[in-house]
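# Please find the sequence and the predicted model below.
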Protein chains: 2
Amino acid sequence: MLELAILGFLRDQPLHGYDLRRRVAALMGHVRPVADGTLYPAIKRMAAAGRLIRKDEPGMAAAPRRMLYLTPEGHAELERRLREPDELDISDENRWFTLLAFLRHLDAPVDQAAVLRRRLAFLEEPTSFFYEGDRPMGAEEFADPFRQGLLTIAHATSEAELTWLRTTIASLEETGARSRVT
Amino acid sequence: MLELAILGFLRDQPLHGYDLRRRVAALMGHVRPVADGTLYPAIKRMAAAGRLIRKDEPGMAAAPRRMLYLTPEGHAELERRLREPDELDISDENRWFTLLAFLRHLDAPVDQAAVLRRRLAFLEEPTSFFYEGDRPMGAEEFADPFRQGLLTIAHATSEAELTWLRTTIASLEETGARSRVT
DNA sequence: TCAATATATATCGACGCCGAGGTATGATGC
DNA sequence: GCATCATACCTCGGCGTCGATATATATTGA
């Protein structure tokens, strides 16, 4: 998730670690803040893997900066991660939101639509949070207001997303079809 | 998160590892499946900490089972975690949902309401996912339909939860007030 | 008869994440 | 003159998670 965000932000423009940290914090930090001890090792890992290169520059305000540039390998890796996200990227809301934040970097609308379809399929699958033996339990079955709320919120959330997904997929596929004809 | 779920499920009834695995998978596995290599070490850890004890029993269907019983220490730990969740339990949706699933085990309605208030405060905080320099960006500012969708969905989600939180807090505090008078 | 599946528990190495700590510079405020 | 803050980077130990792997039994179906 972190690596995807780094690749995505660097795709737009070169950044130094500190700036990257601020952007990542805005995107995901609300939910789960990013520690320096997570970010810098991740940068180091990705540099070692050839996905980005570091260039030293004098600092604007204080200490010297190490600007980070995405390499062609990094670019390819971003595309691969967007085009073929693994199941966790689809099911885990935090990861999914990160993916969504950079999905515009997949160039073909049909590919974007294909990713959205996977999320759609995931949300359309019937699920139950609680079981009594083998029998799934509905919201109306327990007196517990918290579990009722849990199911209510989960339902409302997925309805909102389903609506958005369906209209967006339709419009993307229309765009894709038109461009094939042209 | 896993430990909270284990404590919560065992609070209702003794379970063996395999059964626990199924219940945990239903609650959280939809989003992020629980591996055996995560569950069993967690059980072992908690047994070592005195929060549960294991008793061998012949298996119903096959291999022998190790039934898990919550100890008074485990019971106290569950209560502590429910009463004083850390910030991540409040902000991370997956953790929050887990907490919500077992919040009924806090006996005082005022304590339950206090926890909901923390989530309410978190959701009421204004946040922005993206920044242009220092300026937060609204949904209408980017052409990117995916980032627009991201903000739209996040907004719809939190509206649904806010509504539920406000009504539930009100009713819990009314109950609490009534019981103090009685 | 043999394979697959469900039940049932457990370990191990690899790896990523986190919090704490450390270093250095320039601007701001008292 | 000095402390504090924001900028800017980095390491390390500890710990939890994961995937692979191992073991054993009973049932179901080819």
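Yep, it's here.

# Next, the residue lying closest to A:R51 once chain neighbours are set aside: secondary structure please.
Closest residue in space to A:R51, ignoring its immediate chain neighbours: A:G74 at 3.5 Å, by C-beta to C-beta, 6 or more residues apart in numbering or on different chains. In this view, the C-beta of every residue, glycine as well, is placed from N, C-alpha and C. Under DSSP: H, G, I helix; E, B strand; the rest coil, A:G74 falls in the helix class.

# what sits against A:W96?
A:89-90, A:119 (C-beta atoms under 8 Å, 6 or more residues apart in numbering or on different chains).

# Buried ones from those, can you make that a ChimeraX selection?
The ChimeraX command for the buried members of these (criterion: 16 or more other C-beta atoms under 10 Å in any protein chain shown) is given here:
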select /A:89,90,119
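
# Which ones among the contacts of A:W96 map onto helices?
Mapping the contacts of A:W96 onto helices (DSSP state H) picks out A:89-90, A:119.

# how close does A:L165 get to B:E174?
Going from A:L165 to B:E174 by C-beta to C-beta, to the nearest Å gives 39 Å.

# Which of the three states applies to the most far-flung residue of chain A relative to its centre?
Residue farthest from the centre of chain A, counting by C-alpha atoms, centre = their mean, is A:A143 at 35.8 Å. Here A:A143 is recorded as coil under three-state DSSP.

# ok now do it, which residues does it touch?
For A:A143, counting by C-beta under 8 Å, 6+ apart, there are no contacting residues.

# Pretty sure A:T127 sits against B:H30.
Yes. Here A:T127 reaches B:H30: they are 5.0 Å apart, a contact under C-beta atoms under 8 Å.

# more crowded one of the two?
Neighbours per residue (other C-beta atoms under 10 Å in any protein chain shown) separate A:T127 from B:H30, with B:H30 holding more: 16 against 13.

# Model confidence score at that one, please.
B:H30 is assigned a predicted lDDT (pLDDT) of 83.

# which stretches of chain A form helices?
Secondary structure of chain A by DSSP H: the helices cover A:2-12, A:17-24, A:36-48, A:72-83, A:87-91, A:93-102, A:109-124, A:145-181.

# what mean pLDDT would you report for the fourth one?
Within the predicted structure, the mean pLDDT of helix A:72-83 is 97.

# Kindly calculate the angle that it makes with helix A:2-12.
Computed by axes from the mean of the first three to the mean of the last three C-alpha atoms, to 10 degrees, the angle separating helix A:72-83 from helix A:2-12 equals 120 degrees.

# Over to the second one?
Per the same axes, to 10 degrees, the angle that helix A:17-24 makes with helix A:2-12 is 110 degrees.

# Identify the residues contacting A:R81.
Applying C-beta under 8 Å, 6+ apart, we find A:R81 in contact with A:4, A:7, A:89, A:99.

# List the contacts of the residue lying closest to the third one once chain neighbours are set aside.
What it means is A:D89. Residue nearest to A:D89 in three dimensions, not counting chain neighbours: A:R95, with 4.6 Å by C-beta to C-beta, 6+ apart. Neighbouring residues of A:R95 by C-beta under 8 Å, 6+ apart: A:1, A:4, A:88-89.

# And A:L100, by the same measure?
Residues near A:L100 by C-beta under 8 Å, 6+ apart: B:146-147, B:149-150.

# One more: A:E73?
A:49-51.

# try it again with 10 Å
A:46, A:49-52 (C-beta atoms under 10 Å, 6 or more residues apart in numbering or on different chains).

# Pop out the phi and psi values for A:G59.
Phi and psi for A:G59, reported as degrees, to the nearest 10, are phi -70, psi 150.

# burial measure for it, as a count.
When neighbours are defined as other C-beta under 10 Å, A:G59 has 12 of them.

# for A:P14, same thing?
The number of residues packed near A:P14 is 16, by other C-beta under 10 Å.
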